[in-house]
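Novice: From the sequence below, what's the structure:
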Amino acid sequence: MPSYQPWYHGNITRSTAENLLSKAARDGSFLIRASESIQGAYALCVLYQNCVYTYRILPNEDKKLSVQASDGVPIRTFTMLPELVEAYYSPNMGLITHLQYPVQREEEVDEDQESNNSPPQLPPRNFTADGKECETKTSEQASKSLSDTYLTRLQHMDLSILSEEHQTAIQEYFRTSISSDAERAHNGNPNLPGLKKLLMAVCKNLNSEITRILPCLELLHRAIDQQLSPGIGPYPRQVFVDSGQSISYRLEQLTQLLYSIEEKAKSSVFESVGYDGRHRNSIIPVVIFEVKQESLGISTKMFLKVDVESGKLYLKKSKDGPEEKYFVHNKILQLVKSQKMHAKLTIMAETEKEKILKKEFVFDDTKKREGFCQLLQQMKNKHSEKPEPDMITVFVGTWNMGNAGPPQNIDSWFQCKGQGKTQDDTADHIPHDLYVIGTQEDPLGEREWADTVKEVLRNITNISFKQVAIHTLWNIRIVVLAKPEHENRISHIFSDSVKTGIANTLGNKGAVGVSFMFNGTSFGFVNSHLTSGSEKKLRRNQNYTNILRFLNLGDKKLNPFDITLRFTHLFWLGDLNYRVDFPSTEAEYIVAKIKQQQYQELLNKDQLSMERKDGKVFLHFDEEEISFAPTYRFERETREKYAYTKAKATGTKYNLPSWCDRVLRKSYPLVHVVCQAYGCTNDIMTSDHSPVFASFEVGVSSQFVSKHDPNSASQGGIQIMNCVAILSTKSKTKFFLEFHSSCLEKTMKTLEGENAEQSNGSIKVWFGNQVELTPIISDPEYLLDQHILICVKSTDCDESYGEACIALRAAQFCYREFQVTLTHHGEKTGSLSGGIQLRTSEGKPTEKLYDFIKIEKDDSVPLKGKAGDSSRSSFTQAHDISNPNYMGVSFKSGNSIDKGWSYSIPPRNQPNAGQGGKDPKKARSPTGKPGSTGEDEKASEMFDNPLYGSMGKAHNRAKDQDHPPIDHLQVTESHFAPSKAADGDPDRPPVPVPRNRSYTCSENKPQPPAPVNLTVAAHKKPVVPSRSEAGMAHSRPPLPAKSRPEPPISKTRDYRDNSELPSKHRLPARPGQPHKDMHPDGPKTGRPLN
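Specialist: The predicted structure is shown next:
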């Protein structure tokens, strides 16, 4: 906009516009905002009968504006928006009603300028249209104020160290020339001749020295440059002798030349000695763990020696004893962590005679056990035969450096040492695959800081990490480094920044971000420095929203989605500046609580946690549990004292100890992510902030290449049906769904939905029966790692009213109903429910590296591997959790509040649907095997993937956690046919639900309904079956033992109970007694579990 207009609101969100119009509450109220879908376009929002009507204002090729109004109304074009608005004050212009009452924009109070890190406020460039004389007067006043500010600062500085010539030049510039430069800047001239003249005078000797030095450096550079031939001829005269170039440009050339010389010299020397920049010795040294092994009630001391480089685990009776007994990496089948005893670990290994050996060890503490597990996982990964990794580790660090350089040693930051959830010493030398470092108030140059971090990592890991990206906004910086072997796996690198400082134009506050693809997985990282001050909570929330909206990262085709849905994994780090919400009089009380390490009362008043709980910021993000002291505000050079008062010209300012520095994450549903460390350092004290570290284990997918002939493989399909959206909006428009995914050839859209207004003011939209999406690859190994992004759009403005994400893995074995929260620009805008069914080609997924480590609770009766009371064994393992983080539900989820999604199977009291006349051989059955039709299918294969172990046990985990369970996925059966409307909702379309039948099924033979309704009452918590129960659902009546078929071998390995072992390793059943593995359905008594 060229000038101020009260009805123009700029880049406000659609929901904010609706709220402003609702407050106006008069027909004909209107405002204009920037379009969210088309750059350079506008949206005219008009209130009529408590509904908001939106019309697009589009520019044509001549940049003239026109309104998309009702059909039949002649299109008029306008040069300026004020002219357009004036015209539409007249009736019968095609709008629902003519414009009458402009809605004023809300005043936004900017933050106070911080003197310690903010540059001087420049004279404003945009002024109201109050006349040229007023503009000139305002400009002169601003220039005079700027001159006075700098002259005052000079009076408080010691100028005696300067020569008299330099003193005079600086004072003269601030007295007169800076006003002239400010005037030029106001008139749009970017050149500052006064400043240029000052620099030339101050650097007169430096300029002549550069002219003398540059030819020498050029000659040296040419001599070292290996790309030139020895006899190339005379050296040409260089252009660097031109002293007319600016001093800053010539210094930049000098700096670049010095860096280039250094790099080429290093390259030449390294090549001459045969050093390729990688490690020459073992990265990870041999580590020995002292453990205890119990046998027959007797505790025996043992030593476990881990040699990652050779791929061997030695079992020794004494530390210096013989190394005769060992397991090679490929013979170590599984590690099983105990929950009851946090230091206990079970190792499942295969002997030379192909027998399964189960050994239980107790470590000194939980950290030692975690260190051992990390080393074993590193060993498996290092010696894996897979061409591409399916799991990587990511270090995320954030540090407000306080405008001071780092100390000599910052190793502890990258080794996750200090307070909180930290790593054991045995994991010190395990390198992460990615290092993401965010800094604020960083005084170093990009090159200097990147080289510092690389050198630290080289000393710790003996690896020369490759720089993926670096991006800086003023003193806010993000650096991404990766192992050299990942260099070719990383692509599509983008970086961007958003300013949120004074008037959103200064970069003293804001964010920088980097995004890229790691094979088939997208990553996003955001480092932000938000508004400071305990009372500026709402301003921080607005900073977050602005960054969310305007940070331009990731796939540009995903334009309707903000950055929280553009990436498989998004990590948000930085000095978020949220404070502990206590009165300043409680400062000493807070410090006392910190010294006692009693953090919970303080965390209950943490502004960020409270705002997240209210859904105002970081909706559906996760943060690991905080178990470290507040990281701000310390006295420098000590971590023993908090400096919570600060003298300012306006009085004493209180900065209560707070957790300003944070790391949060958000991942797509049903992906693997585990936080291994989250804390802060104790020994880095140059700043008033302590560095914060976090370490993550993250699942990744490869750039998939199908092993099957695409011409012979059956075509897969994704069916999304019965979608119903509930939208919190007052807009009067029609809606449609848009589907985005990298597994689809193109974006797919539905027809317009049918609207129905709800009593609470929301709109319910039904989108018809079924949408068929065709994936580009039908192999289950590929499809199960994919996600579908869904966007609810309006037909009038093509703007999004809510977005969500659905995981195809949820429908791996059967039809699933889903319910997801719709969000837009970080706000909850409604919900979307429906069903999804997946059809894939032949094949089965391979086992993932992150399935190597399992978690389970101890059984009340130890398992001896003998055929005994299978009912007791099955029942006690019902609480088993194979991998709780597979669904994104961490075992200790800390500050996790809401995921925004859930999956379930519909009730069992109606006939089922979902095949839709398709060939049943191509549909995925409950077993996960295409084309399975026999009665001997093993329903328990649902639980072979840790996904179901997690979802099924959500109710049971609630007993052991302080927070309620979030994700619920009840496992029942899967074949469906059309049904009537469900849940007593007449507007709800038919939902596929399963037939009421026995525990086995055949797609060719329909079964009669069960005579007794065994559905569990809604108020009861169903007992979800474990693997040893072979997947019996809680509502299935057991059959006689003799009629139960022996299930086939599970496709993925889980050796936590001998009943899971391959048949050749099992002990034979007693004569006349069925083997316990033939009873996948529960207790022998035949009594159903409830």
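Novice: Flag the shaky bits of the stretch 851-1000 of the chain, pLDDT-wise.
Specialist: 857-898, 907-1000 (pLDDT under 70).
Novice: Next, the residue lying closest to D555 once chain neighbours are set aside: secondary structure please.
Specialist: Spatial nearest neighbour of D555, excluding adjacent residues (CB to CB, 6 or more residues apart in numbering): R566 at 6.3 Å. C-beta: built from backbone N, CA, C; applies to glycine. Following DSSP: H, G, I helix; E, B strand; the rest coil, we place R566 in the coil state.
Novice: Just give me the neighbour total for the residue lying closest to K454 once chain neighbours are set aside.
Specialist: Counting by CB to CB, 6+ apart, the nearest residue to K454 once its immediate chain neighbours are dropped is F465, at 5.8 Å. The burial count assigned to F465 is 25, neighbours taken as other CB atoms under 10 Å.
Novice: where's F465 relative to E86, distance?
Specialist: F465 is 61 Å from E86, where distance means CB to CB, to the nearest Å.
Novice: Can you list the residue ranges for strands in the stretch 251-400 of the chain?
Specialist: Here the stretch 251-400 of the chain has its strands, by DSSP state E, counting those that start in this stretch, at 287-295, 298-307, 312-316, 326-328, 332-338, 344-350, 356-362, 391-400.
Novice: quick one: low-confidence parts of the protein?
Specialist: For the chain, the stretches with pLDDT under 70 are 1-3, 70-71, 107-144, 184-191, 225-245, 262, 264-282, 705-713, 857-898, 907-1090.
Novice: ok, now with 50
Specialist: Low-confidence segments of the chain, defined by pLDDT under 50, span residues 1-2, 109-137, 227-241, 277-282, 858-896, 909-984, 986-1052, 1058-1090.
Novice: Now do the contacts for the most centrally placed residue in it.
Specialist: The residue lying closest to the centre of the chain (CA atoms, centre = their mean) is L570, at 2.1 Å. The contact partners of L570, by CB atoms under 8 Å, 6 or more residues apart in numbering, come to 523-526, 563-564, 665-667.
Novice: Starting from the lengthiest strand in the chain, tell me the next helix or strand along the chain.
Specialist: Counting by DSSP state E, the longest strand found in the chain is strand 827-839. Sequence-wise, the next helix or strand downstream of strand 827-839 (DSSP states H and E) is strand 853-856.
Novice: quick one: the residue nearest to K454 from K483, how far?
Specialist: Distance of F465 to K483, given as CB to CB: 7 Å.
Novice: Could you find the closest non-adjacent residue to I178?
Specialist: Closest to I178 by CB to CB, 6+ apart is S147, at 5.5 Å.
Novice: what's the burial count for that neighbour?
Specialist: S147, neighbours per other CB under 10 Å, totals 18.
Novice: Secondary structure class of it, three-state.
Specialist: Three-state call for S147 (three-state DSSP): helix.
Novice: That one reaches S179, doesn't it?
Specialist: Yes - with contact defined as CB atoms under 8 Å, S147 counts as touching S179 (5.4 Å).
Novice: Tell me the gap between stretch 553-572 and the middle of its chain.
Specialist: 10 Å (CA atoms, centre = their mean, to the nearest Å).
Novice: Just the buried positions in that stretch, please.
Specialist: By neighbour count with 16 or more other CB atoms under 10 Å, stretch 553-572 contains the buried residues 553-555, 558-572.
Novice: Then stretch 170-177?
Specialist: Buried-residue list, stretch 170-177, by 16+ other CB under 10 Å: 170, 173-174, 177.
Novice: just stretch 79-87 next, same as before
Specialist: Quick answer for stretch 79-87 (16+ other CB under 10 Å): 81, 84-85.
Novice: ok, now stretch 359-373?
Specialist: 359-363, 367-373.
Novice: what does stretch 385-405 give?
Specialist: Buried positions in stretch 385-405, judged by neighbour count with 16+ other CB under 10 Å: 389-402, 404.
Novice: and what of stretch 785-801?
Specialist: Under 16+ other CB under 10 Å, the buried positions of stretch 785-801 are 785-794, 796-797, 799-801.
Novice: CA atoms only: put it into CSV for me.
Specialist: Provided in CSV are the C-alpha atoms of stretch 785-801 (Å, rounded to 0.1, in the frame of the first residue of the first chain):
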residue,chain,number,x,y,z
ASP,A,785,6.9,-44.7,4.8
GLN,A,786,4.7,-42.2,2.9
HIS,A,787,2.2,-39.6,4.2
ILE,A,788,-0.7,-37.8,2.6
LEU,A,789,-1.1,-34.1,3.3
ILE,A,790,-4.7,-32.9,3.2
CYS,A,791,-5.8,-29.3,2.8
VAL,A,792,-9.4,-28.0,3.1
LYS,A,793,-9.8,-25.1,0.6
SER,A,794,-12.4,-22.6,-0.3
THR,A,795,-13.8,-22.4,-3.8
ASP,A,796,-14.0,-18.6,-3.8
CYS,A,797,-10.5,-17.7,-2.9
ASP,A,798,-8.6,-21.0,-3.2
GLU,A,799,-7.4,-20.3,0.4
SER,A,800,-6.7,-23.0,2.9
TYR,A,801,-9.0,-23.3,5.9
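Novice: For it, what is the distance to the chain centroid?
Specialist: Distance of stretch 785-801 from the chain centroid (CA atoms, centre = their mean) equals 20 Å.
Novice: do stretch 152-160 as well
Specialist: On the basis of CA atoms, centre = their mean, the separation between the geometric centre of stretch 152-160 and that of its chain is 48 Å.
Novice: can you list contacts of it?
Specialist: 167, 170-171, 174.
Novice: May I see the buried residues of that stretch?
Specialist: So for stretch 152-160, nothing qualifies as buried (16+ other CB under 10 Å).
Novice: Stretch 759-775 too?
Specialist: Within stretch 759-775, the residues that count as buried by 16+ other CB under 10 Å are 762-767, 770-771, 773, 775.
Novice: Show me which pair in these is furthest apart.
Specialist: S762 and P775 (33.2 Å; CB to CB).
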